[in-house]
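Asker: Everything below, folded, please.
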Amino acid sequence: MAATVATNAAPTLSVAARAPFLCSGVAVTPGGTLFLGLPRFPGNEATFSVGRVAPDGTVHPFPGGSWNGWQPGQDGSSAFVMVNAIHIFADGTLWAVDQGAPPGSRPEPGAQKLVQLDTATGAILRVLRFPEAIMPPGAQFNDLRIHGDLLFATDSGLGGIVIHNLKTGSTLRRLSAHPVTRNDATHIHKGSGGRILQDAQGNRPQVQSDDIEVDAGGTWFYFAVPAGPLKKIRVADLLDDRKSDRDLAALVQVAAEIPSIGGTCIDTLGNIYLSDGENNRITILAPDGRRATLVQDPRLVSPDALFIDRGRTLYIPCSQIEKVPMLNGGTNGTHAPFLVLSLPLPDRLGSLRLGAAVEG
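Answerer: As a prediction, the model looks like this:
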């Protein structure tokens with residue numbers, strides 16, 4: 001069992017934003033502007049998908065216009081359809097992961113995409129779409145990270161890792177539908193209090209490789225399905241095209257057994273922050289295996305994708321995803337406002353030192 005470190009007094013959570021729709025992602029510019037990812041889950045169909053938080057706290061569609069006005073039956077190639085993740089990296093631009101179709105549906109051609117936007121003007125800087133060799137039928141983008149020229153994305157539909165070189169345009173698909181990237185029969189996706197998540201018919205979610213991190217040195221790639229475990233593999237091995245998926249699978253290590261999580265982030269000292277959906281808390285996993293509870297609060301209902309800004313403030317979207325019908329026995333228990341909470345990171349928790357944001 002991993003050691004648990006003694007911690008100081010728990011940091012105080014503040015409300016950073018109140019979203020009108022289910023919010024699973026938050027990203028913050030170097031200047032402090034908040035952006036929200038607002039996915040189109042059942043019961044939250046009216047969402048405008050990506051929002052910018054104004055100084056008065058109101059949330060506005062971003063970038064505006066047709067990008068935020070998609071309706072079923074419309075072309076989704078130049079509109080946000082199902083934004084599962086957002087992120088801001090070192091250059092201050094916003095990336096949005098659009099799965100291209102609401103849950104339970106298949107995306108139309110061109111609808112599934114990765115979109116880069118200018119946070120000041122809303123200009124679309126880049127739209128990445130990939131052929132079936134990279135994203136075969138059933139593949140579904142989940143989250144992304146950037147390190148240098150490399151963009152890493154997980155496929156939670158089939159299981160797999162996509163690596164795209166932003167400079168050269170070359171792309172690799174690794175560990176495609178391999179058991180190491182897929183949910184197993186042992187780890188069960190749970191919500192608050194350990195409740196097993198399932199729909200009205202008792203069907204449990206089938207989410208494959210989901211959460212993703214790359215450490216500050218670009219050495220280790222971490223990934224997990226929501227129910228765990230957390231796994232890792234060297235980036236150099238993923239990039240070695242002489243290695244087959246079978247070769248790579250033999251190199252994947254289990255980094256840690258974890259509770260069911262909604263999201264992660266990593267700091268410059270290699271600490272991984274886990275959104276613990278079973279216990280309404282944020283847990284820190286140190287590189288040496290030690291663990292510490294950063295904060296625990298009943299408002300942390302389905303804490304999701306975490307974000308550390310340049311001032312070392314941690315942002316936590318409380319998505320309430322465990323209460324959507326497909327995970328809550330057919331009943332929609334979500335309600336607005338959907339909180340984004342924040343707290344300044346202490347320099348340490350007991351003997352565990354905490355770092356700053358890894359910006360990519």
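
Asker: Could I get the average pLDDT for stretch 68-75?
Answerer: The average pLDDT within stretch 68-75 is 96.

Asker: same check, this time on stretch 345-355
Answerer: 96.

Asker: again, but for stretch 94-105
Answerer: 96.

Asker: Off-centre distance for that stretch?
Answerer: Mean-position distance between stretch 94-105 and its chain equals 12 Å (C-alpha atoms, centre = their mean, to the nearest Å).

Asker: Same check on stretch 106-125?
Answerer: 17 Å.

Asker: buried set for that stretch?
Answerer: Pro107, Ala111, Gln112, Lys113, Leu114, Val115, Gln116, Leu117, Thr119, Gly122 (16 or more other C-beta atoms under 10 Å). All C-beta atoms are positioned from the backbone trio N, CA, C, and that covers glycine.

Asker: got it, and stretch 343-359?
Answerer: Buried-residue list, stretch 343-359, by 16+ other C-beta under 10 Å: Leu343, Leu345, Pro346, Leu349, Leu352, Leu354, Gly355, Ala357, Val358, Glu359.

Asker: any idea which of those residues is closest to Arg234?
Answerer: Nearest to Arg234 among the buried residues of stretch 343-359, counting by C-beta to C-beta, is Val358 at 16.8 Å.

Asker: OK, contacts around the closest one?
Answerer: Going by C-beta atoms under 8 Å, 6 or more residues apart in numbering, Val358 touches Glu213, Val214, Asp215, Ala216, Cys265, Ile266, Asp267, Thr268, Ile308.

Asker: Mind telling me what element Trp70 is part of?
Answerer: Following DSSP states H and E, one finds Trp70 outside all helices and strands.

Asker: how deep is the closest residue to Ala305 other than its chain neighbours tucked in, by neighbour count?
Answerer: Spatially, and ignoring its direct neighbours in sequence, Ala305 is nearest to Gly263 (3.5 Å; C-beta to C-beta, 6 or more residues apart in numbering). Using other C-beta atoms under 10 Å, Gly263 has 27 neighbouring residues.

Asker: Please apply the same query to Ala133.
Answerer: Neighbours of Ala133 (other C-beta under 10 Å): 9.

Asker: Give the closest residue to it in space, chain neighbours not counted.
Answerer: Arg173 (7.1 Å).

Asker: Distance of the one you found relative to Ser275?
Answerer: 27 Å (C-beta to C-beta, to the nearest Å).
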